[in-house]
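Asker: Coordinates for the following, if possible.
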Amino acid sequence: MRSELFKRHPWHGVHLGADAPGIVTCYIEIVPTDTVKYELDKLTGHLKIDRPQKYSSVCPTLYGLLPQTFCGERVAQACRDRTGRSDIVGDGDPMDVCVLSERPVSHGDILLRAVPIGGLRMIDRGQADDKIIAVLKDDPAYGDWSDIYQCPPSLVERLRHYFLTYKEVPGESGRLVEIAEVYGRRAAHEVIGRSREDYRDLYGHLADLLSERRPGRV
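Answerer: Modelled structure (predicted):
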């Protein structure tokens, strides 16, 4: 009865999916037409305005998070292993996801199912901030893609450019963000798995309390 009366928390109360990491549930915060940056309020579970977009750069895909994931020590360790750096920590947020869709989606604050095909190993001011890249499940244009290496290089470069520049301020020197690696499906599955373990370490008891585990349902 409780689940019928109250909206589930998109981060803690929604299951990633019975077929994860092959098929995952995604909570979408931002769509490409948004001129302000929305993000999930972690305390209340409501979508809030984080800040207006100061410049013309907009995310080229649907953008959001993977429920019941967390970028903690295991995600950071994967980044340290790949880069050889010892100073990287997790960013303390849910795992981010970019979802490719042929058709425009008019607004965020929605759930969808997507197929991870790769990711960007991004480092934001010393914090591991991976971006999983996925395609909307059964999408008529992208649904047959199973690995990022099937994507046109221009599409991957567009995503790289956005994330490398979206925090830059004209006239200021020094880059805040770097992308150490573009990786494929297998590595994406590993990163998602690590983020799920990081989440269980910190919030596993909360997820059990808030979510009704119904495999296969969004």
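Asker: any idea how far Cys98 lies from Asp81?
Answerer: Distance of Cys98 to Asp81, given as Cβ to Cβ, to the nearest Å: 23 Å. For every residue, glycine as well, the C-beta is placed using N, CA and C.
Asker: who's more crowded, those two?
Answerer: Cys98 (24 against 10; other Cβ atoms under 10 Å).
Asker: Enumerate every residue touching the residue nearest to the more buried one when sequence neighbours are not counted.
Answerer: Leaving out its chain neighbours, the residue that sits closest to Cys98 by Cβ to Cβ, 6 or more residues apart in numbering is Thr61, at 4.3 Å. By Cβ atoms under 8 Å, 6 or more residues apart in numbering, Thr61 lies in contact with 32, 98-101, 133, 159.
Asker: Grab the most central residue of the protein for me.
Answerer: Asp96 (1.7 Å; Cα atoms, centre = their mean).
Asker: Which strand residues bridge the nearest residue to that residue once chain neighbours are set aside?
Answerer: What sits nearest to Asp96 in space, not counting adjacent residues and going by Cβ to Cβ, 6+ apart, is Lys131, at 5.0 Å. Counting by DSSP bridges, Lys131 forms beta bridges with Asp96, Leu120.
Asker: For burial, what's the neighbour tally of Lys131?
Answerer: Quick note: Lys131 (other Cβ under 10 Å) scores 23 neighbours.
Asker: Kindly report the same for Pro10.
Answerer: Pro10 has 25 nearby residues by other Cβ under 10 Å.
Asker: try the one 4 residues further on
Answerer: When counting by other Cβ under 10 Å, one arrives at 22 neighbours for Val14.
Asker: With adjacent residues omitted, what lies nearest to it?
Answerer: The shortest distance from Val14 to any non-neighbouring residue, by Cβ to Cβ, 6+ apart, is to Pro67 (4.1 Å).
Asker: Please identify which helix or strand holds that neighbour.
Answerer: Assessed by DSSP states H and E, Pro67 sits outside every helix and strand.
Asker: Do I have it right that it meets His12?
Answerer: Yes - contact criterion Cβ atoms under 8 Å: Pro67 and His12 qualify, at 7.5 Å.
Asker: Compare those two (neighbour count), which wins?
Answerer: Pro67 (28 against 19).
Asker: While we're on the more buried one, how confident is the model there?
Answerer: Looking at Pro67, its pLDDT is 98.
Asker: contacting residues around the closest residue to Tyr149 other than its chain neighbours?
Answerer: The spatial neighbour of Tyr149 that comes closest, neighbours along the chain excluded (Cβ to Cβ, 6+ apart), is Gly184 at 5.9 Å. Gly184 makes contact with 117-118, 147-149, according to Cβ under 8 Å, 6+ apart.
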